[in-house]
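>>> Everything below, folded, please.
(one chain, ligands or ions: 1)
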Amino acid sequence: MLIVHDENKNLINLLEIEISQLKGKFFCPACHSEVRLKNGNIKIPHFSHISLKECHSWSENESAQHLGLKLALYKWFARTEKVKIEHYLPELEQTPDLLVNEKIAIEVQCSHLSIKRLWERTENYRKHGYQVIWLMGHDLWIKKSLTQLQKNLMYFSKNRGFYFWECDLAQEKIRLKSLLHENLRGHVIFHLEEFNFFQGNLLEILRLPFLSQKLLSIPVTRDKNLSHYIRQQLFHRNPKWLKLQEKYYQNGQNLLSVSFERPTYAPVGLHLLENIFDSSVKKNFCQISQDLTNYYQNYWENWQKKSAQKVYPPAFYDKIINRLK
Ligand SMILES: [Zn+2]
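Reported below is the predicted structural model:
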């Protein structure tokens, strides 16, 4: 942490004070327990709790990555916005990494956190009228498939579908992965954009998914070995595929006789072989409050009619389905 209290409850900001001027004891603004100055070679000078037991606001001591990203984004925002670093919000008992223009909380998430904790923190911001934007550090970057936690950190817009933010301290970049789709094997595809630190207005970059823009698309191809893959999953008794086969049997059908003539990518949460999306799907997406029903239905209708070679954002399917009606 960079902001602490001294013995007289004055705020001390490490970004604005010479280390040599620091005297006495220092305390966490949230839990009031004692913190200690760390001034080593690897991390920038910072404070850390002697004991984290009492603290609701800080769940762990910080990594060099977290400190570095927080500081870089703070400086980037400060060029154009009113931004506070580690500003403790007593009514929430939370300390967002950054607070932009008094109402946007920026959380740089570098380590795993439980989905329950993520929901609590997100709802707490929402309830008090703050918008929260989560930006993910190295360990939470999207790889081959999406984890439950990553799905709960995705956002949604009509122009970008599902999207996800990543921060890269080593390369000094922010990455936007949008138009996230999964195929029946659970592999993910996305449209990738990178923004160098300090180039452009950071708040505008974060709003990009909601601006009017050129139509995006991602080419997709047919998965020729999908039938073989499903056969293998059933043979190895993968519970997900067994459950689906069970449903098929109940309707007098067999998964193994389905032929896959077209690409099987679909928006996250829509399962093409089930024809319906799980009504509990809303609970899977902590950051998304929009209703996804139309998007899923339009995508599904279009998929059944056409062998599409590309996937598009939700706005595209809205338009073509309405045109057909
Ligand atoms: Zn504390």
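
>>> Distance check, residue 167 against the ion.
24 Å (C-beta to the ion, to the nearest Å). Where C-beta positions appear, they are placed from N, C-alpha and C, glycine not excepted.

>>> Phi and psi next, for that residue.
Backbone torsions of residue 167, given as degrees, to the nearest 10, read phi -120, psi 130.

>>> ok, how many other residues are close to it?
26 (other C-beta atoms under 10 Å).

>>> if I pick it, what's in contact with it?
69, 73, 108, 135-137, 173-175 (C-beta atoms under 8 Å, 6 or more residues apart in numbering).

>>> Turn the residues you listed into CSV, columns for secondary structure and neighbour count.
Below are these laid out as CSV (DSSP: H, G, I helix; E, B strand; the rest coil; neighbours: other C-beta atoms under 10 Å):
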residue, secondary structure, neighbour count
69, helix, 25
73, helix, 22
108, strand, 26
135, strand, 23
136, strand, 23
137, coil, 19
173, strand, 15
174, strand, 24
175, strand, 19
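
>>> Quick check: pLDDT value at the closest residue to residue 25 other than its chain neighbours.
Closest residue in space to residue 25, ignoring its immediate chain neighbours: residue 7 at 5.6 Å, by C-beta to C-beta, 6 or more residues apart in numbering. Here, the pLDDT recorded for residue 7 equals 93.

>>> go on, residue 51?
88.

>>> Same question for the one 10 residues further on.
According to the prediction, residue 61 has pLDDT 78.

>>> so how far is the ion from it?
Taken as C-beta to the ion, the span from residue 61 to the ion is 11 Å.

>>> do the same with residue 309
As judged by C-beta to the ion, residue 309 and the ion stand 54 Å apart.

>>> what sits against that residue?
Residue 309 touches 219-221, 263, counting by C-beta under 8 Å, 6+ apart.

>>> For it, give me the backbone phi and psi.
phi -100, psi 0.

>>> swap in residue 211?
phi -80, psi 150.

>>> That one and residue 159: what is the separation?
Separation of residue 211 from residue 159 (C-beta to C-beta, to the nearest Å): 7 Å.

>>> Compare these two (neighbour count), which wins?
residue 159 (20 against 10).

>>> What is the host helix or strand of residue 297 packed up against?
Here residue 297 sits within helix 293-305, counting by DSSP states H and E. Judged by 3 or more C-beta pairs under 8 Å, 6 or more residues apart in numbering; DSSP states H and E, helix 293-305 is in contact with strand 266-267, helix 314-324.

>>> now with 10 Å?
On a contact count with 3 or more C-beta pairs under 10 Å, 6 or more residues apart in numbering; DSSP states H and E, helix 293-305 meets strand 161-168, strand 266-267, helix 314-324.

>>> and residue 172, what is it in contact with?
Residue 172 makes contact with 68-69, 72, 195-199, according to C-beta atoms under 10 Å, 6 or more residues apart in numbering.

>>> Mind jotting down where the strands sit in the stretch 101-250 of the chain?
Assigned by DSSP state E, counting those that start in this stretch, the strands in the stretch 101-250 of the chain fall at 104-109, 131-136, 155-157, 161-168, 173-182, 188-196, 218-219.
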